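1. Sequence first, then the predicted structure, then my questions.
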Amino acid sequence: MDGRPVLVCTELEDATADLVIAELNRRRVPVLRFDPGRDFPAPAVLDARIEAGGWTGRLTVGNRTADLSAVRALYHRRPSPYPTGTGEQAARFVAQENRRGLGGVLGALSGCLYLSHPQAIARAEYKPAQLDAATRVGLTVPATLITNDPMEAKAFCAAQPTIYKPLHAGAYEVQGEPAGIWAAPVEAGEIDGGVSHSAHLFQAQVPKVADVRAVVVGERVFSARITAPPGVVDWRAEYQNLTYEPITCPDGMGGALVRFLADFGLNFGAFDFAVTADGAWWFLECNPNGQWAWLEDAAGLPITHAIADLLENGASQHE
């Protein structure tokens, strides 16, 4: 593969990654797309050697080969997990060796810009760390309680209108069907001993009139106001009934979002805010690897071009 390539790590069907790859192709930037969890150890072949300047060697997938020492950027999108295969003990060993071998090399490439580094993404997925970072960069955060104490939860819910939200948006099924656990109102009378079974996140309900998703790419901020039907707490449960319009961040907000990402070592973040009638933005959370393609189309935000710019420029942009 001639020139300094961009590696795109994602699953087989990823329409969002397709948009970025098409734009990089238009710019004649070489791209090697593969899914580490699906394509390794076959058809992907790794030949990596450490030298004074860092890792050298090749990553070959089918008939395409990337020089590891020349990778300009790695776009960590939605790769599959490393498979466990058959045979429980041996499979666990193989999966861990692949993750720490291939994943370790890909995470330690000299002169490579990461969008974003997998370890940075993993660290930023913890909501308590997000809320702490948000307060330190000056964002407005609703009163929040994380507890497994039913009495503390009951007292918190009795003090103000409250919502419950999961600490991690993992896979969940109801009667064998995939289901989402959305943020939802909860009252003190609903709190029972079940709270003691795990950590729970309770948050003061913001009297919002709209929501905002702000997508930050490097130091560029793209924001859209999201209007849901009256009474909807979590707009993700009402995709078919939403309206969108581009919106500009309040003064100083963009800089705070960039500082938030820098705190985690991220080059991308999808922030969610609740907006009140007085125009105040209340920080809810940041998805360090969140979706954005539908928002680009709905609100006319040039996010694909911004991501392609960052990947094309590579690490030199931040040196």
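-> Structure's in. What do you need?

2. Contact partners for the closest residue to His197 other than its chain neighbours?
-> Setting aside the residues directly before and after it, His197 is nearest to Asn148 in space (C-beta to C-beta, 6 or more residues apart in numbering), at 7.3 Å. Just so you know, the C-beta spots here come from the backbone N, C-alpha and C atoms, and that holds for glycine as well. Counting by C-beta atoms under 8 Å, 6 or more residues apart in numbering, Asn148 makes contact with Val195, Ser196, His197, Ser198, Ala199, His200.

3. what do you get for Arg123?
-> Ala129, Phe264, Gly265.

4. same deal with Leu301?
-> Neighbouring residues of Leu301 by C-beta under 8 Å, 6+ apart: Val215, Phe222, Ser223, Ala224, Pro246, Leu295.

5. Likewise for Leu266?
-> Ser116, His117, Ala120, Ile121, Ala124, Pro288.

6. how about the nearest residue to it, chain neighbours excluded?
-> Nearest non-adjacent residue to Leu266 (C-beta to C-beta, 6+ apart): Ser116, at 4.4 Å.

7. quick revisit: out of the contacts of Arg123, which end up buried?
-> Among the contacts of Arg123, those classed as buried by 16 or more other C-beta atoms under 10 Å are Phe264.

8. Check which residues of the lengthiest helix in the chain are buried.
-> Counting by DSSP state H, the longest helix found in the chain is helix 88-106. Counting neighbours by 16+ other C-beta under 10 Å, one finds that the buried residues in helix 88-106 are Val94, Ala95, Asn98, Arg99, Leu102, Gly103, Val105, Leu106.

9. Stretch 258-268 too?
-> So stretch 258-268, judged by 16+ other C-beta under 10 Å, has buried residues Val258, Phe260, Leu261, Asp263, Phe264, Leu266, Asn267, Phe268.

10. Inside helices: which ones of the contacts of Leu301?
-> Per DSSP H, the contacts of Leu301 map to helices at Leu295.

11. Just the buried subset of the contacts of Leu301, written out for PyMOL, thanks.
-> Filtering the contacts of Leu301 down to the buried ones (16+ other C-beta under 10 Å) takes a single PyMOL command:
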select buried, resi 215+222+223+224+295
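
12. for Ala22, helix, strand, or coil?
-> Following DSSP: H, G, I helix; E, B strand; the rest coil, the label given to Ala22 is helix.

13. contacting residues around stretch 241-253?
-> For stretch 241-253, the external contacting residues (C-beta under 8 Å, 6+ apart) are 138-139, 212, 214, 221-229, 232, 235, 257, 279, 281, 295, 298-301.

14. contacting residues for the closest residue in space to Glu190 that isn't next to it in sequence?
-> Once flanking residues are discounted, Glu190 sits nearest to Cys157: 7.8 Å by C-beta to C-beta, 6+ apart. Taking C-beta under 8 Å, 6+ apart, we find Cys157 in contact with Val186, Glu187, Ala188, Glu190, Ile191, Phe202.

15. If anything else comes up later, I'll come back, but that's it for now.
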